[in-house]
Every structure is written in C-alpha cells, then in structure tokens.
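> Predicted model and sequence follow; I will ask about them next.
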Amino acid sequence: MMGKLVLGIMWALAAACVIFIVSMPINLQAHLIAGTIVLAVMIAMKMFRPEGTWRLVALSLGTAIVLRYVYWRTTSTIPPVSQLENFIPGLLLYLAEMYSVFMLALSLFIVARPLPSRPAIEVAEAELPSVDVFIPSYNEPAVLLADTVAAAKAMDYPPDRLTVWLLDDGGTVQKRNADDVATAQAAQERHLELQQLCADLGAHYLTRERNEHAKAGNLNNGLAHSSGDLIAVFDADHAPARSFLRETVGYFNEDPRLFLVQTPHFFLNPDPLERNLRTFEKMPSENEMFYGIIQRGLDKWNASFFCGSAAVLRREALEETDGFAGISITEDCETAVELHSRGWNSVYVDKPLIAGLQPATFASFIGQRSRWAQGMMQILRFRFPPLKRGLSLPQRLCYMSSTLFWLFPFPRTIFLLAPLFYLFFDLQIFTASGGEFLAYTLSYMVVNLMMQNYLYGRFRWPWISELYEYIQSVHLLPAVISVMLNPRKPTFKVTAKDESISTSRLSELSRPFFLIFALLLVGVGVTAWRVYAEPWKADVTLVVGGWNLLNLIMAGCALGVVSERRERAATRRVKVNRRCEFGREGLWLPAMIEDVSVNGARVRIHGKNAQGAVAEGQANIRFTPLSGGDPAALPVVIRNSEKEGDTLAVGCQYVRSLPDHHRLVADLIFANADQWTQFQKSRRRNPGVVIGTLWFLRLALYQTWRGLVYLLRGVRASEERRPVAGGART
C-alpha cells in the first residue's frame with residue numbers, strides 16, 4: 001500500500017513539473033529543440049520495445065508535447081472576438097482540436113496499460129450451468145441461418161444443458177397478417193421453412209405477435225420463453241466455434257456478480273475499404289483495434305461492454321433490468337451501461353470464438369455505422385454515462401470515450417474545410433506566423449502519430465484511422481445531427497450481409513466524395529496562385545496549402561474506397577489443412593482440405609487416379625468431424641481443377657440438401673477457433689510511422705487514379721445509355 005502511495009506521489013510531482021515546463025514561455029527555437037529531443041527519445045525507446053513503466057514514460061513524454069501545443073493554441077492563436085468573421089471559424093477549429101486532444105486523453109487512460117488476454121477457466125462437468133443460445137433473425141436467408149444453428153448445436157457442451165433458439169422476427173404474426181399480400185405470403189413461407197429447419201437441426205423455433213422494440217424486443221421474447229442460467233447471443237451470421245462455451249462460462253462460476261463475458265467479432269469477409277483497397281489479407285481489420293486493444297483496456301476498468309453478439313450474459317442480471325434495454329437502437333451497449341450502474345461486472349475474453357459476415361458494399365457499411373452512431377448518441381442523451389448513478393469514475397470515463405467517439409464527424413469536417421477558409425476567403429482563423437504554425441503543429445502531429453503507434457502499432461497502421469473516419473464522416477454527419485435534433489427518431493434497421501457485387505461500379509453514395517476531391521483540388525490551384533500573387537504571405541500560404549494537400553491525399557484515397565470492385569464471393573477462404581478422402585462410393589482417394597469458405601472448399605487430391613475422381617463434376621468430401629464419430633460425406637460440385645505435380649487441386653462448392661450437410665459445413669468452417677487466431681496474427685505487424693506513411697501515400701496515389709478511372713467509365717456508360725434528343729424522324 002505504501003509503495004503505491006509513493007508511486008502515486010511521484011507521478012503527481014512529475015505531472016506538476018510537466019505542467020510547469022509546458023506553460024513556460026520559450027521561443028520557437030527552444031520548442032523545436034525540445035520537440036526533437038522528445039521525439040528522438042520516443043523513437044529510441046520504441047526500437048527497444050519498452051513495456052510496463054517505460055511504455056508509460058514514453059507516452060508521458062509525448063503527452064508533454066501535446067500539452068505544450070494545447071497551451072500555445074489556447075494562449076496565442078485564437079482570433080480576437082472583435083473580428084467575428086475570423087473568430088467564429090477560428091473557435092470552431094480550436095474546439096475541434098480540443099475534442100481530439102480530449103479523446104486522446106481518454107484513450108491514454110483506457111489503453112495505456114490494457115489487461116493481458118485472460119486464460120479460460122475450467123469448470124467440472126457437474127457444475128456447468130444451463131445455457132440458452134439466442135440467434136435473433138429478421139430477413140437472413142435460411143442457408144445462412146442453418147449454418148449458424150448447426151454450429152451452435154455442435155458446441156462442446158452437455159446436450160441436456162444446451163438449448164438453441166432461433167428467434168425469428170421475419171415470421172411474426174404481424175408480418176404474416178400484413179395488408180400487403182406479397183409480404184404476408186413471404187413471411188408465411190419463411191415461418192414454415194424455418195420451423196422445419198429447426199426441427200431438422202434439433203433447435204427451437206420462436207417468433208412473436210408483433211415486431212416491437214426491434215432486436216431488444218426479440219431477445220426479451222426469448223427470455224420470456226426460456227429458463228437457462230446463462231444466455232449466449234449470436235447474430236444470425238455469427239457462427240460459434242466448438243469451444244465457445246468452454247472458453248466463457250467458467251467466469252460466471254468465479255464471480256456471482258458477473259453479468260457479461262464478451263468475445264471479439266471475427267469476420268470472414270472484408271469490409272468495403274479492405275475489399276476495394278485490397279488490404280484484407282495483409283493489414284489488420286478495423287475492428288481489431290477495438291477488440292484487440294480497446295476492449296482489453298475497458299476490461300481493466302470493469303467497463304467492457306456488450307457488443308450485441310458473441311457474448312454470454314447471466315439471466316439473473318437481465319431479469320433485474322426487465323431484460324435487454326430498448327430505449328436506443330444500440331441495445332447492447334445500453335444494456336451494459338444499466339447493468340454496470342447496478343454493480344454488475346463484465347469480463348472480456350480476447351480470443352475470436354465466432355466467425356461472421358460484415359457489410360460488403362459501401363452503402364451497407366454506412367448504414368451500419370449510422371445506426372451505431374445514432375444509437376450511441378441516444379445513450380448519451382437518455383442514459384448520460386458521465387453522470388449515471390452507480391458507475392465508478394473509471395467506468396464513466398470509459399463510457400464517455402465510447403459514446404463521445406461518435407462525434408468525430410464534426411471535427412473531421414472542420415479539419416477538412418478549415419484551410420479553405422484561408423485559401424478561398426482569406427480568413428485569419430489561426431493567428432500565427434507560418435513558421436510558428438509549422439513548428440508547433442508539425443511536432444504535435446508527429447508526436448501524435450508516435451503515440452498512436454505506441455498504443456495500437458500492430459493493430460492499426462498510420463493514417464488508416466483518419467481514412468475510416470473521413471469516409472464515414474461525409475454521411476454520418478447528417479445522421480448524428482438528425483438524432484441530436486430528434487433523439488427518438490432513429491429506428492433499428494438490419495444491416496445487409498452476405499452481399500456480392502457482380503460488376504465493378506461506383507457506390508451509390510460516391511458523389512459527395514468526388515465533389516469534395518474537386519473542391520480540394522481547386523484549393524491546390526489557389527495555393528499556387530496566392531504564393532505567386534502574394535509573396536509576402538508565402539510562408540502562411542504554403543503551410544495552409546500543405547494542410548489542404550494532406551486533405552486531398554486522404555480524399556483521393558477515399559475515391560478508391562467508393563469504387564466498388566467486382567467480387568462474386570461473399571467471403572474469403574480460411575486455411576484449414578485437414579485430412580479427408582475425396583471421390584464417391586467405390587473410388588476414394590486420400591486428400592487434404594487446404595482452405596474453406598461458407599460456400600466451398602479447395603481440396604488437394606493425391607494418387608494416380610485423381611483425374612478420374614473429378615471426371616463427372618460431382619463428388620464427395622469424406623472426413624471425421626471435430627466433434628467425433630464416424631467419417632461423414634459432404635456432397636460437392638466441382639467448379640475447377642488444376643494438376644500440380646503428382647496432385648490435383650480442386651475447387652468445390654458445397655451441396656446442402658440434408659440437415660447433416662449443414663452440420664458438416666459448420667464443422668469445416670466454424671468448429672476450430674485456432675484457425676481464425678492464426679489468420680489474425682498473420683496480418684498483425686507494425687510497419688512503423690515512416691514506412692507506414694510512405695505505404696499510405698503510395699496507396700492513396702493509386703486509389704486516386706483508380707477512382708477517377710471508375711468515374712470516367714461511369715460518365716461514359718451513362719452517356720451511351722442516354723437517348724438521342726428528338727429521336728428519329730420519318
């Protein structure tokens with residue numbers, strides 16, 4: 001105890017010294033020297049991969065430079081109030097920067113020293129609690145649901161304590177009795193089809209009278225009809241590994257006040273940025289920063305929250321709050337806020353134990369993020385975590401970070417437009433010389449990049465966060481403003497999944513990105529003209545023009561994101577390397593399943609008769625399921641084959657005509673969670689700030705060119721489709 005007190009006093013004294021030094025009046029040269037020294041020390045420490053206290057020291061040094069920048073911005077750069085045309089945009093820019101600094105401070109608090117990954121807790125067979133598995137569904141296809149239900153049924157858990165429920169909101173009585181005949185008929189057909197599917201797979205089918213309170217209402221209906229001690233929730237497209245429950249339920253026996261065990265979401269398909277920029281196989285996915293670092297940081301402060309799927313919850317805790325919360329359209333985080341405020345605890349297990357699908361098209365991606373942003377704004381409005389009674393101070397700060405993050409469209413838009421205020425209208429929104437602006441801002445930006453690299457290095461490459469925020473801000477800004485003006489207006493909308501893009505095309509949401517790019521390009525031209533016409537202002541003009549050029553590079557890269565590449569497959573293949581036999585009755589050849597997707601597999605056949613095994617285009621893959629038992633055959637249609645030495649590589653598509661076929665497909669793709677961990681680790685490397693920046697510049701230049709090519713193709717195609725004016729005369 002005394003040691004912690006001494007350490008706390010030392011950190012307090014160090015903080016006081018830093019604040020004193022930061023506020024000291026020093027000249028520009030001294031600031032540059034101090035900034036260079038701090039940066040050199042941070043780089044040197046990074047090379048030695050510091051952990052623990054040394055990591056905190058490096059982040060503290062970076063924080064000192066950030067605070068110095070904040071002090072300078074606050075005391076020396078804001079335009080006078082008497083010049084409203086300069087003061088108003090100048091104040092908006094200042095507030096945007098302070099928001100970024102505040103969010104950085106919250107991030108440092110949360111993830112400066114996150115918890116290490118938790119080991120699984122084993123529980124004796126006799127002490128395992130009963131579990132109800134909820135799979136809420138609305139409009140997903142039956143084949144997708146069948147794979148998820150089959151994977152849930154195949155989890156390694158005593159069958160008498162495991163009940164799988166398909167909660168169907170697409171076949172409610174309300175929808176089956178809809179006034180529109182086509183809607184009613186489709187709902188009735190779905191209702192019957194899913195009833196039969198559940199009967200075949202040994203699951204329970206449940207629907208309800210009316211579609212009220214969206215997903216939260218559907219889950220609460222499941223609670224009312226079930227009785228398990230724990231509730232496992234999987235989205236319709238999130239299939240669990242066999243080990244999911246073994247890795248999670250043990251924590252509930254350790255802590256009677258535990259309400260949640262959350263696991264990460266792993267995706268088999270790339271999001272639109274990853275697909276269109278072709279980074280899925282070589283760069284960590286966007287969600288890995290959240291699930292790989294931030295959730296572990298939240299877990300340290302007992303603030304890891306429910307993410308809607310891939311989680312286990314305690315029924316007793318949910319009954320205390322009358323089920324899942326339904327005021328906002330993000331019922332998951334809202335439920336966690338309420339239960340944390342009542343003294344319940346949460347745990348985060350940093351191991352991917354489910355595999356799912358994420359939006360493939362840019363429009364669906366924006367629709368999903370709009371729902372998240374609006375839901376978080378509703379939580380901020382109706383629950384207001386900073387003043388929520390029952391939350392600890394660290395929990396308040398954690399939920400502040402999670403909700404206030406979604407205000408990023410405002411500062412991102414201001415950063416985009418701010419240099420244009422000077423270039424186009426000569427507004428002095430930043431009272432400083434070009435040298436001061438460059439010195440202070442450049443040191444702040446570089447140190448900021450270094451701090452992000454310290455915090456998220458292997459999980460988020462330089463400039464990628466900025467790109468994700470930019471591509472979302474254009475469409476999220478009106479969505480966030482809308483929910484601020486009318487907090488109860490947003491309604492829950494199911495995100496489209498399992499999509500495919502048959503032709504290369506521009507996204508239907510792409511137009512604003514090309515307009516912004518054109519505007520920023522004009523800004524580059526204005527910069528050149530002003531340097532020539534007003535040489536006495538060249539220092540300020542060049543610095544602001546450089547800022548605009550950075551925005552242009554970001555906007556150019558975004559053109560590639562909204563240029564949708566043609567890709568028929570909904571998911572990518574995952575390597576498995578699993579022994580099997582390939583062929584048909586009377587002719588079975590030894591083979592290896594090399595990789596699998598939700599639709600097919602690649603099999604390497606060994607033996608002299610390999611070519612004959614694929615002659616008729618149909619065959620079977622016979623293998624022993626990971627759950628044990630006798631080998632079983634999965635029928636496939638052969639799509640392609642290629643002879644490679646003494647082997648034959650065959651591309652197959654599954655044929656699911658019986659319930660057992662869904663079980664076998666689920667066993668191939670979802671049973672083994674280790675394959676997903678290995679895939680994630682293969683992408684996790686830290687390129688560093690310099691190499692990462694050069695890589696991003698190269699990527700941005702190519703994607704700018706590709707986006708403009710797509711635009712020209714689109715214009716040419718629309719002109720060819722346009723009818724000739726006046727038509728033909730006779």
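Arrived safely.
> Which residue, other than its chain neighbours, is closest to the most centrally placed residue in the chain?
Centroid-nearest residue in the chain: N287, 3.2 Å away (criterion: C-alpha atoms, centre = their mean). Of all residues not flanking N287 in the chain, H265 sits nearest, at 6.0 Å (C-beta to C-beta, 6 or more residues apart in numbering). Quick note: C-beta positions are derived from backbone N, CA and C, even for glycine.
> which ones are touching the one you found?
Contact analysis of H265 by C-beta atoms under 8 Å, 6 or more residues apart in numbering lists H238, N287, Y291, C307, S309, A310, P352, I354, G356.
> If we use 7 Å, what do you get?
Applying C-beta atoms under 7 Å, 6 or more residues apart in numbering to H265 gives the contacts N287, Y291, C307, S309, A310, I354, G356.
> Sticking with the first one, tell me its helix or strand.
N287 is located in helix 286-289, with elements delineated by DSSP states H and E.
> quick one: average pLDDT of that helix?
Model confidence over helix 286-289, given as mean pLDDT, is 91.
> Repeat that for stretch 604-611.
Across stretch 604-611, the average pLDDT comes to 78.
> cool, stretch 118-127 as well?
Averaging pLDDT along stretch 118-127 gives 89.
> cool, and stretch 446-454?
Rounded mean pLDDT across stretch 446-454 is 89.
> do stretch 697-705 as well
In this model, stretch 697-705 has a mean pLDDT of 97.
> List the buried residues in it.
L699, A700, Q703, T704 (16 or more other C-beta atoms under 10 Å).
> Quick one: distance of the helix or strand containing the second one to the chain centre.
Element membership for A700 (DSSP H and E) is helix 689-721. Between the mean C-alpha point of helix 689-721 and the mean C-alpha point of its chain there is a distance of 23 Å (C-alpha atoms, centre = their mean, to the nearest Å).
> what do you get for stretch 93-106?
Offset of stretch 93-106 from its chain centre (C-alpha atoms, centre = their mean): 22 Å.
> What of stretch 533-542?
Counting by C-alpha atoms, centre = their mean, stretch 533-542 is centred 42 Å from the centre of its parent chain.
> Now do it: distance from first to last residue.
Using C-alpha to C-alpha, to the nearest Å, the end-to-end distance of stretch 533-542 comes out at 13 Å.
> Kindly confirm my reading that T503 is in a strand.
No: using DSSP: H, G, I helix; E, B strand; the rest coil, the assignment for T503 is coil, not a strand.
> Count the residues that sit near the closest residue to it other than its chain neighbours.
Spatial nearest neighbour of T503, excluding adjacent residues (C-beta to C-beta, 6+ apart): R566 at 5.5 Å. Using other C-beta atoms under 10 Å, R566 has 10 neighbouring residues.
> Hmm, R566 is touching S504, no?
Yes: assessed by C-beta atoms under 7 Å, R566 is found in contact with S504 at 4.3 Å.
> Next up, phi/psi of T279, please.
phi -120, psi 0 (degrees, to the nearest 10).
> And the pLDDT at it?
On pLDDT, T279 comes in at 93.
> P490 now?
Looking at P490, the pLDDT reads 67.
> And K493, by the same measure?
Taking K493 on its own, its pLDDT is 65.
> what do you get for A203?
96.
> does the spatially closest residue to it that is not a sequence neighbour belong to a helix or a strand, and which?
Leaving aside its sequence neighbours, A203 sits nearest to V164 (C-beta to C-beta, 6+ apart; 4.1 Å). For V164, the element it lies in under DSSP H and E is strand 162-168.
> Pairing partners for that strand, with directions?
Sheet pairing for strand 162-168, assigned by DSSP bridges, gives strand 131-137 (parallel), strand 204-206 (parallel).
> right, so the ones you listed: which one is the most enclosed?
strand 131-137 (a mean of 26; mean count of other C-beta atoms under 10 Å).
> Outside of that one itself, list whatever touches it.
Outside strand 131-137, the residues that touch it by C-beta under 7 Å, 6+ apart are 145, 148-149, 152, 157, 161-170, 215, 218-219, 222, 226, 228, 230-234, 236, 245, 249.
> Buried among these? Make that a ChimeraX selection.
One line in ChimeraX is enough to select the buried ones among the contacts of strand 131-137; burial here means 16+ other C-beta under 10 Å:
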select :145,148,149,152,157,161,162,163,164,165,166,167,168,169,170,215,218,219,222,226,228,230,231,232,233,234,236,245,249
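> how many neighbours does P256 have?
Neighbour count for P256, taken as other C-beta under 10 Å: 9.
> that's a helix at E642, yeah?
No: E642 is assigned strand when assessed by three-state DSSP, not a helix.
> For the stretch 351-500 of the chain, which segments are assigned as strands?
With DSSP state E, counting those that start in this stretch as the definition, the stretch 351-500 of the chain shows strands at residue ranges 354-356.
> which regions of it sit below the pLDDT cut-off?
Residue ranges of the stretch 351-500 of the chain with pLDDT under 70: 490-500.
> circling back: any chance of the buried residues of stretch 697-705 in a markdown table, plus distance to P631?
Output for these, formatted as a markdown table (distance: C-beta to C-beta, whole Å):
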| residue | distance to P631 |
| --- | --- |
| L699 | 46 |
| A700 | 51 |
| Q703 | 48 |
| T704 | 53 |
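> Closest one of these to I471?
Relative to I471, the closest of these is Q703; by C-beta to C-beta it sits at 11.4 Å.
> Closest one of the buried residues of stretch 697-705 to Q196?
Nearest to Q196 among those, counting by C-beta to C-beta, is Q703 at 47.0 Å.
> so that closest one touches V562, yeah?
No: shown here, Q703 and V562 do not form a contact pair, counting by C-beta under 7 Å, at 9.9 Å.
> Please identify which helix or strand holds W72.
Counting by DSSP H and E, the element that carries W72 is helix 53-76.
> buried ones in that helix?
Buried positions in helix 53-76, judged by neighbour count with 16+ other C-beta under 10 Å: 55-56, 58-59, 61-73.
> Equivalent analysis for stretch 102-111, please.
So for stretch 102-111, counting by 16+ other C-beta under 10 Å, buried means M103, L104, L106, S107, L108, F109, I110, V111.
> elements contacting the host helix or strand of the fourth one?
Right, S107. According to DSSP H and E, S107 maps onto helix 84-111. Contact analysis of helix 84-111 by 3 or more C-beta pairs under 7 Å, 6 or more residues apart in numbering; DSSP states H and E lists helix 53-76, helix 295-300, helix 393-404, helix 409-425 as its packing neighbours.
> right, and those - which one's nearest R639?
Closest to R639 of the helices and strands packed on helix 84-111 is helix 295-300 (C-beta to C-beta; 39.0 Å).
> Which SSE is immediately downstream of that closest one?
According to DSSP H and E, the helix or strand after helix 295-300 is strand 311-314.
> now that following strand: mean pLDDT?
Throughout strand 311-314, pLDDT has a mean value of 97.
> can you list contacts of it?
With contact meaning C-beta under 7 Å, 6+ apart, strand 311-314 is reached by 230-233, 248-249, 252, 258-263.
> taking these one by one, which sit in strands?
Cross-referencing the contacts of strand 311-314 against strands under DSSP state E gives L230, I231, A232, V233, L258, F259, L260, V261, Q262.
> List just the nearest of those residues to A558.
The closest of the ones in strands among the contacts of strand 311-314 to A558 turns out to be Q262 (C-beta to C-beta; 31.5 Å).
> For the closest one, which residues are in contact?
Residues in contact with Q262 (C-beta under 7 Å, 6+ apart) are Q295, S304, F306, C307, A311, S346, Y348.
> cutoff 6 Å now
By C-beta atoms under 6 Å, 6 or more residues apart in numbering, Q262 lies in contact with S304, C307, A311, Y348.
> Could you report the separation of the second one from G343?
Spelled out, it's C307. 21 Å (C-beta to C-beta, to the nearest Å).
> Counting neighbours, go ahead and name the busier of these two.
Remark: of C307 and G343, C307 carries more neighbours, 23 against 13, as counted by other C-beta under 10 Å.
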